[in-house]
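Student: Everything below, folded, please.
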Amino acid sequence: MSDTSTGGTGEWELEYRSTRTPRIAVVVAVVVVALHVLVGVLLRVSDTGVTFRLSDQIGFALIGVVIGAAILTFTRPRIRAGERGVEIRNLVGEKTFDWDVVEGIWYPDKGRWARLELPAYENVPVMAIQASDGQLAVDAMERFREIHARHRADAPT
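Tutor: Purely as a prediction, here's the structure:
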C-alpha cells in the first residue's frame, strides 16, 4: 500500500500522508545539506584573512545536516483511522483519539491543512491532509467522514 492511499490495511481503514509537501521537503533538505557541504569544502580555497581549519569545515557541513534533518520533519505528518480511533502524527509527536471524542474533520477558512474537531470547540491540526494535494486531500476527507460516520454510529451513547 502506498502512503497516500485512502484504503486500509490491518487495523487501519484509512492511512493518508500528503504527497506534495514531503517531496518538497526532501528536495529542500538535500539542497541545504549540499550547499553547506560545498561551502564547507570551499572555506579554505581562497585567502580571506581568516584561518579556517578542518574542524570549521566539518562543523559547517554538520550544521547543514542538522538543518536538513529538521526540514525532513515535514515528511512525518500522517492520519490513520480505524476501529481503534483516529491517530494523528504531525511534525512532532503522535496522538490517538477515540471515536467518542471525535466530532468531525474540516478545513478552516484559508487553511492549509485539515483540523480534527473535538468537544468544547477544541481542534487538532491534521497536517497530513493539505489543501495543496487537491483531489487526493478531498478523497481522504470523504473517506475519513465515511469511517467516522460508521464508527460514531457504533459508539455507545
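Student: Which residues lie in contact with the residue nearest the centre of the chain in this structure?
Tutor: For the chain, the residue nearest the mean C-alpha position is residue 77 (2.3 Å; Cα atoms, centre = their mean). Contacts for residue 77 (Cβ atoms under 8 Å, 6 or more residues apart in numbering) come out as 17, 18, 21, 89, 90, 91, 113, 126, 127, 128. Quick note: C-beta positions are derived from backbone N, CA and C, even for glycine.
Student: any weak-confidence spans in this protein?
Tutor: 1-10, 153-157 (pLDDT under 70).
Student: Going along the chain, name the strands of it.
Tutor: 12-16, 78-82, 85-89, 94-97, 104-106, 113-117, 123-130 (DSSP state E).
Student: Need those strands in CSV (columns: mean neighbour count and distance to residue 66).
Tutor: As requested, those are exported to CSV (neighbours: other Cβ atoms under 10 Å; distance: least, Cβ to Cβ, whole Å):
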stretch, mean neighbour count, distance to residue 66
strand 12-16, 21, 29
strand 78-82, 23, 24
strand 85-89, 19, 22
strand 94-97, 12, 23
strand 104-106, 16, 34
strand 113-117, 20, 26
strand 123-130, 22, 22
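Student: re earlier: state the pair within the contacts of residue 77 that is farthest apart.
Tutor: By the measure Cβ to Cβ, 21 and 89 form the most distant pair in these, at 13.7 Å.
Student: Residue 45: which of the strands of the chain is closest?
Tutor: strand 123-130 (41.3 Å).
Student: who does the closest one pair up with?
Tutor: In the sheet containing strand 123-130, its partner strands are strand 113-117 (antiparallel), by DSSP bridges.
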